[in-house]
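Asker: Generate coordinates for the sequence data below:
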Amino acid sequence: MRVFILIVILSAATWAAHALAQDAPPSENNAKVTLLSAPEGYVLGPGDQFSLEIADLEELNGKVHRIDGDGTVTLPLVGRVKAAGLTLPQFEALLDDKLSSQLNEPHITVTVTETLSAPVTVLGSVNTPGVHQIKGNQSLAEVLSLAGGLKNDAGYRVTITRRAEYGPLPLKDAAIDTGNKVSTGSVDVSDIIDAKNPAENIRIMPNDVITVPRAKLVYVIGEVKRSGGFTLEQHQSVPILQVLALAEGLTRSAAKNRAVIMRQQPGAPNRTEIKVDLGKIMSGRDKDVSLLPDDILFVPNSLGREISLMAIATAVSQGTGVAIWRGF
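Answerer: Model (predicted):
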């Protein structure tokens with residue numbers, strides 16, 4: 001009977017120890033490793049973590065090591081070595097050389113488990129342009145969010161430029177520049193924001209340059225309910241009636257018959273003034289007129305209060321007090 005009780009107690013203790021071992025947090029060197037698919041040509045940097053696989057040296061295999069802030073890492077049998085700035089093959093060759101005096105053909109494999117040093121440059125119409133550090137696998141949408149999101153005047157396409165060592169961009173319009181050793185492609189902003197085409201929400205690689213150009217705009221100033229600039233998106237022109245709809249229509253005091261389009265002609269120092277009768281256009285008695293990029297439609301006040309057209313053009317060019325609305 002005592003033997004039976006002893007067996008039960010030992011079995012319970014063994015089961016409890018096994019359960020505790022499963023629930024216990026992993027140690028730094030024995031943590032479960034989540035392997036990342038580091039792109040070809042990936043360059044190690046401070047904060048990156050990696051694991052080693054060394055033939056005939058099982059005690060080092062699978063253990064995770066982190067590169068210090070100064071770019072170095074301390075490894076058993078190797079000591080302190082510089083890792084930052086090296087590609088994985090270069091780092092493997094360095095470790096092979098360091099261990100060749102102690103091991104016969106060590107055959108070292110380095111696998112990145114976590115990246116913390118992946119700079120990405122975001123330029124143009126985002127709220128926080130500049131260099132941002134990405135961690136792990138981050139998509140284009142996530143990086144644009146990291147840059148504070150798009151401004152209201154952002155264009156409808158985002159351009160990505162990628163170094164050749166990371167492979168060509170997985171985009172339909174991607175073009176390879178062999179001279180500069182980069183590939184360049186673009187993505188429709190609406191496809192990203194509205195998740196219309198998930199395939200274009202590509203994974204961003206270290207050192208990618210993401211450029212968000214400013215959209216082409218038309219402006220409606222004066223006696224409208226919502227004045228400001230309206231993005232043309234992919235359109236090359238837009239009818240006045242459509243712009244007035246986006247501007248939520250005219251006010252009661254609008255002088256419909258005295259509206260003016262101010263258009264900048266190539267090479268001309270000042271804008272050309274084109275008079276339009278909005279009343280006739282709205283009633284169908286006159287043909288609608290298309291506004292071109294950077295046109296200003298000014299709707300004056302019927303009470304006779306005059307505003308300098310030059311002052312309006314200056315305000316628009318300087319962006320002072322002009323709201324930008326996304327439309328079309």
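Asker: only C-alpha atoms for contact and neighbour calcs from this point on.
Answerer: Fine.
Asker: residue contacts, the residue nearest to Q264 when sequence neighbours are not counted?
Answerer: Closest residue in space to Q264, ignoring its immediate chain neighbours: R271 at 4.4 Å, by Cα to Cα, 6 or more residues apart in numbering. Listed by Cα atoms under 8 Å, 6 or more residues apart in numbering, the contact set of R271 reads M262, R263, Q264, Q265.
Asker: My guess is A55 contacts N104. True?
Answerer: No - between A55 and N104 there is no contact under Cα atoms under 8 Å: 9.4 Å.
Asker: And for I192, the neighbour number?
Answerer: I192 has 20 neighbouring residues, counting by other Cα atoms under 10 Å.
Asker: The residue lying closest to it once chain neighbours are set aside and H65, how far apart?
Answerer: Excluding the flanking residues, the one nearest I192 by Cα to Cα, 6+ apart is N201, at 6.0 Å. From N201 over to H65 the distance is 31 Å, taken as Cα to Cα, to the nearest Å.
Asker: for R263, same thing?
Answerer: For R263, the distance to H65 - Cα to Cα - is 62 Å.
Asker: Where does the prediction get shaky in the stretch 51-200 of the chain?
Answerer: 116-117, 136 (pLDDT under 70).
Asker: what about the helices in it?
Answerer: For the stretch 51-200 of the chain, helices defined by DSSP state H, counting those that start in this stretch occupy the ranges 88-99, 140-146, 189-193.
Asker: Now render those as TSV, adding distance to N180.
Answerer: Shown next, in TSV, are those (distance: least, Cα to Cα, whole Å):
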stretch	distance to N180
helix 88-99	23
helix 140-146	23
helix 189-193	26
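Asker: So which of the ones you listed is nearest L291?
Answerer: Among those, the nearest to L291 by Cα to Cα is helix 189-193 (22.9 Å).
Asker: So what touches that closest one?
Answerer: Here helix 189-193 makes contact (Cα under 8 Å, 6+ apart) with A141, G155, Y156, R157, V158, K196, N197, P198, E200, N201.
Asker: Can you tell me which of the residues you listed are buried?
Answerer: Neighbour-count burial (16 or more other Cα atoms under 10 Å) is assigned, among the contacts of helix 189-193, to A141, G155, Y156, R157, V158, E200, N201.
Asker: So which of those is the closest to R226?
Answerer: Distances from R226 to the buried ones among the contacts of helix 189-193, taken as Cα to Cα, are shortest for G155 (20.8 Å).
Asker: any idea how far T231 is from the closest one?
Answerer: Distance, G155 to T231, using Cα to Cα: 8 Å.
Asker: Likewise for P239?
Answerer: Distance from P239 to T231, counting by Cα to Cα: 13 Å.
Asker: The residue nearest to V224 when sequence neighbours are not counted: how many residues sit nearby?
Answerer: Spatial nearest neighbour of V224, excluding adjacent residues (Cα to Cα, 6+ apart): L250 at 4.3 Å. L250 has 19 neighbours, counted by other Cα under 10 Å.
Asker: With P76 instead?
Answerer: 7.
Asker: ok, the closest residue to it other than its chain neighbours - contacts?
Answerer: Counting by Cα to Cα, 6+ apart, L60 is the residue found nearest to P76 once chain neighbours are left out, at 7.9 Å. Residues in contact with L60 (Cα under 8 Å, 6+ apart) are L52, E53, I54, P76.
Asker: thought L244 was touching L250?
Answerer: Yes - in terms of Cα under 8 Å, L244 counts as a neighbour of L250; the distance is 7.3 Å.
Asker: Name the residues contacting each of the two.
Answerer: V224.
Asker: Of all the residues in stretch 95-106, which ones are buried?
Answerer: Buried, per 16+ other Cα under 10 Å, within stretch 95-106: L95, D96, K98, L99, P106.
Asker: what's near enough to touch the last one?
Answerer: Read that as P106. Residues in contact with P106 (Cα under 8 Å, 6+ apart) are I54, A55, D56, D96, L99, S100.
Asker: and with 10 Å instead?
Answerer: Contacts for P106 were tallied using Cα atoms under 10 Å, 6 or more residues apart in numbering; they are E53, I54, A55, D56, L57, L95, D96, D97, K98, L99, S100.
Asker: Ok, the fourth one next?
Answerer: Going by Cα under 10 Å, 6+ apart, L99 touches L77, V78, A93, E105, P106, H107, I108.
Asker: Which of the residues you listed are buried, as a PyMOL select command?
Answerer: Those of the contacts of L99 that count as buried under 16+ other Cα under 10 Å are selected in PyMOL with:
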select buried, resi 106+107+108
